[in-house]
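Chemist: Got a predicted structure plus its sequence, pasted below:
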Amino acid sequence: MASGKTATTVSAVPPPHAAIHRAVLAIPRGCVASYGEVAARAGLPGRARLVGRVLAAAGEAARLPWHRVLRANGQLAFPPDSAAFREQKRRLAAEGVILRGTRVDLGRHGWQCNLDAELWAP
DNA sequence: ACCGTGACGGTAT
DNA sequence: TATACCGCCACGG
């Protein structure tokens, strides 16, 4: 580092948001994943909150399947009376993911649910 | 620089 | 199953 710039160690870690985008894109259609799962899969264990921030910052223009990301307990992360909540619920329903009460059945729609469906299918 | 907030999560009660 | 607590950390005031 010739110039007196802040060294920052040459190898710098890959931008967190990039890995997160990749992890979200990897969630199969009709399936869901928790913020924590996405974080872990992005190589950022324990950074669930960051996933939320990144998704919010990404916005619609990013074309990410953000609706497939929910809380670890199966609930949507938005207030039930918010527009965002309704939109997410609508998008999930369009993929066959329905809310059982206030939450999604993770056992049925969890990560890689398509594989499970294949095992159970006739 | 301190502090509250939040698209969260794991554990204990 | 539901609450309570605490850890986490980027941001904004």
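Modeler: Happy to help now that I have it. What you see is a predicted model; the values in this text were computed from it and never measured.

Chemist: Could you check how far residue A:52 is from residue A:107?
Modeler: 23 Å (Cβ to Cβ, to the nearest Å). Yep, even glycine has a C-beta here, placed from its N, CA and C like the rest.

Chemist: who has more neighbours, the two?
Modeler: The residue with more neighbours, out of residue A:52 and residue A:107 and counting by other Cβ atoms under 10 Å, is residue A:52; that gives 18 against 9.

Chemist: Now the more buried one: phi and psi?
Modeler: Phi and psi for residue A:52, reported as degrees, to the nearest 10, are phi -60, psi -50.

Chemist: same deal with the one 3 residues further on?
Modeler: In terms of degrees, to the nearest 10, the main-chain angles of residue A:55 are phi -60, psi -40.

Chemist: Mind pulling the model confidence for the residue of chain A found nearest DNA strand B?
Modeler: Of all residues in chain A, the one sitting closest to DNA strand B is residue A:52 (2.6 Å; Cβ to the nearest atom of the strand). The predicted local distance difference test score for residue A:52 is 98.
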